[in-house]
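>>> turn this into a structure:
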Amino acid sequence: MSTRNTRFPDMVSVAGSLWDTRPDERHAAALAAASYPDTVPLLVARLRVEKDTRVFGALESALVAIGSDAVVMGVLPLLRAPEPAVRIVGADILRVLGARSEPVVRALLTDESPALRTIGVTIARDLPNPEVSHWLESVLARDQDPGVCRAALDALASMATPSLVPVLHQVEERFPEVSDLRESVHYLLGLLDLGNSNRNRKGECA
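Next comes the predicted model:
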């Protein structure tokens, strides 16, 4: 509270210090920005160009602390940034915001860019929604990019259900030349078959 009332009494003071040449000043401003939800565009803009790792982390923390719909929409363009670190932090923020990010994540799963669809898969797998496995099954059923399907197969390894079996066969037929995808498909089919066998044995013993 004292930081907001004295050193950074308003959003204008935060905004000015976010672009200060001194990293310590930018770091302090980023931490204070968490108390000012309207600073989201400023935080995102600074995040795009920040080179100091400590300030970069404080900017991310402030956006997560604000955690609004404005943050979700604000960080979405970061996923298209040329810098890997910026793309990663954008994805991490969406992941941490969980259910608030769901509409955006579902849109990413059908984006025209395979890279963004892959990011959508990696975020979706951690969302607290029981429908996630169905979303990822739909990705596998339609996606023509092996990298996207690879990410979806990896995500589904811990949540696969018998309904996935025909989709897995579709993936195998769609990418007959991609050996690692074929191996992932066989691995999941084996897991599902093992689970089904265990259920049948339990039923026989009951």
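
>>> got the domain ranges for the chain?
Domain assignment for the chain by automatic domain parsing gives 1-108, 132-206.

>>> as a markdown table, the ones you listed with mean neighbour count and distance to residue 122 would be great.
C-betas here are computed from N, CA, C, even on glycine. Shown next, in a markdown table, are those (neighbours: other CB atoms under 10 Å; distance: least, CB to CB, whole Å):
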| stretch | mean neighbour count | distance to residue 122 |
| --- | --- | --- |
| domain 1-108 | 18 | 7 |
| domain 132-206 | 15 | 6 |
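
>>> so which of those domains is nearest residue 117?
domain 132-206 (4.7 Å; CB to CB).

>>> next, name the residue at the spatial heart of this structure.
The residue lying closest to the centre of the chain (CA atoms, centre = their mean) is residue 123, at 2.9 Å.

>>> and it, how far from residue 192?
25 Å (CB to CB, to the nearest Å).

>>> now residue 69, nearest residue through space, not along the chain?
residue 100 (6.7 Å; CB to CB, 6 or more residues apart in numbering).

>>> now do residue 16
Counting by CB to CB, 6+ apart, residue 16 lies nearest to residue 29, which is 7.9 Å off, once chain neighbours are set aside.

>>> same for the helix or strand containing the one you found, what does it pack against?
Assigned by DSSP states H and E, residue 29 belongs to helix 23-33. Judged by 3 or more CB pairs under 8 Å, 6 or more residues apart in numbering; DSSP states H and E, the packing partners of helix 23-33 are helix 11-18, helix 40-49, helix 53-66.

>>> compute the inter-axis angle for the one helix or strand residue 92 maps to and helix 53-66.
Assessed by DSSP H and E, residue 92 sits inside helix 84-97. Put simply, helix 84-97 runs at 30 degrees to helix 53-66, going by axes from the mean of the first three to the mean of the last three CA atoms, to 10 degrees.

>>> next structured bit after helix 84-97?
Later in the chain than helix 84-97, the nearest helix or strand by DSSP H and E is helix 102-108.

>>> so what touches that next one?
72-73, 76, 79, 94, 116-117, 119-120, 123-124, 127, 129, 135 (CB atoms under 8 Å, 6 or more residues apart in numbering).

>>> which of those residues fall within helices?
If you go by DSSP state H, these have 72-73, 94, 116-117, 119-120, 123-124, 135 in helices.

>>> farthest pair in those?
Taking CB to CB, no two of the ones in helices among the contacts of helix 102-108 sit farther apart than 73 and 135, at 20.2 Å.

>>> so where's this protein shaky on pLDDT?
1-5, 194-206 (pLDDT under 70).

>>> mind running it again at 90?
Residues of the chain meeting the criterion pLDDT under 90: 1-7, 128, 157-163, 191-206.

>>> quick one on the thing from earlier: and residue 111, which of the helices and strands packed on helix 23-33 is closest to it?
helix 40-49 (19.3 Å).

>>> just checking, what packs against that closest one?
helix 11-18, helix 23-33, helix 53-66, helix 69-75, helix 84-97.
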